[in-house]
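Asks: Predicted model and sequence follow; I will ask about them next.
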Amino acid sequence: MIRLENLSKSFHTRWGRKVVIDDASVTFPSGVSVALLARNGAGKSTLMGMIGGTIQPSSGRIVKTGTVSWPVGFRGSFHRDMTGAQNTRFVARIYGVETQELLEFVEDFAELGPHFHSPVRTYSAGMISRLAFGVSIGIPFDTYLVDEVTSVGDADFKRKSRLVFLERMKHAGAVVVTHSMGQVRKLCQAGVVLENGKLIYFEDVEAAIARHQENMGSDEEE
C-alpha cells in the first residue's frame, strides 16, 4: 500500500513557481495495478520519483507498506565499467536476494548472450534497457513502479516483458505509466488521473481512461 498524505510538490522556474502536485491525498491499494494517467509534462515522472524516494516532496508525506521497487527499467544507476553480471550481483547484495538466482534470471531474460559478461559501457541503449528491466523485474517487490514497461526491445521481447510483468502482478501491486491505453487496459485494474496538480483515484480503469481522455480533449486511443 502507498498512501499520499497532503502531498505537494512545486518548483521555482524562471517564469515563476510551477505546481506539480497540489495537496494530494490518495491511496494506492496493495495488490492492485494502478495506471497513472496525465498529459505530457504534468508531473508523472516527478510523482514516481517521490514514491520511489529519489525526489523529496515540498510538503506532506508518503506512507508505504511492504517493499517498493525503484522505477522498473531505470538504467541510470549501473556502473559502466562493471559487467552486466557484476552489476546484477551488486544489486542482489543491496536488496538481500539470492545472487545466483537473480543472475540466472537476468542472464536468461535480458538475452545479452556473452555481452552479459562485458562492461556496461560497451552496451547499446537497448541492451542497457533489457538489462535494467531484467534486474528490476527479477526482484520480488510488493509494489512495482513501472514506466513504459513494454517499450523496450523488439516485439518478442515486449511480449515477454508483458507476460513476466503480469505474472508478478499475481502477487504484487504496481503504479504504471504508459501512453498506450491498450496497455493500460491489459496491465491495470484501476487508475489515478493527474491534472493541474490534482489527483483523482478511480477503482475502475475504464473510468480513469474516460476522465483522462476528457482532459486531453479526445477519445482517440493513444
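Replies: Alright, I've got the coordinates.
Asks: and the end-to-end length of stretch 193-201?
Replies: Stretch 193-201 has an end-to-end distance of 7 Å (criterion: CA to CA, to the nearest Å).
Asks: wait, I meant stretch 195-208
Replies: Using CA to CA, one end of stretch 195-208 lies 12 Å from the other.
Asks: Contacts made by stretch 14-23 with the rest, please.
Replies: 6-12, 42-43, 46-47, 50, 57, 60, 194, 196-199 (CB atoms under 8 Å, 6 or more residues apart in numbering). The way it works is simple: take the backbone N, C-alpha and C, and place the C-beta from them, glycine included.
Asks: and if you look at stretch 173-185?
Replies: Stretch 173-185 has contacts (CB under 8 Å, 6+ apart) with 1-2, 28-37, 44-45, 48, 51, 142-151, 162, 165, 168, 187-188, 191-192, 205-206, 209, 213, 221-222.
Asks: T88 versus E98, what's the distance?
Replies: Relative to T88, E98 is positioned 12 Å away (CB to CB, to the nearest Å).
Asks: Next: H79.
Replies: 11 Å.
Asks: Those two: who's more crowded?
Replies: The residue with more neighbours, out of H79 and T88, is T88; 25 against 12, by other CB atoms under 10 Å.
Asks: correct me, but the more buried one touches E104?
Replies: No - distance between T88 and E104: 9.8 Å, which falls outside the contact criterion (CB atoms under 8 Å).
Asks: show me the residues around the residue lying closest to H79 once chain neighbours are set aside that make contact.
Replies: In space, and not counting its chain neighbours, H79 is closest to N87: 6.1 Å by CB to CB, 6 or more residues apart in numbering. If you count contacts by CB under 8 Å, 6+ apart, N87 has them with F78, H79, V120, L131, V135.
Asks: I'm done for today, thanks for sticking with me.
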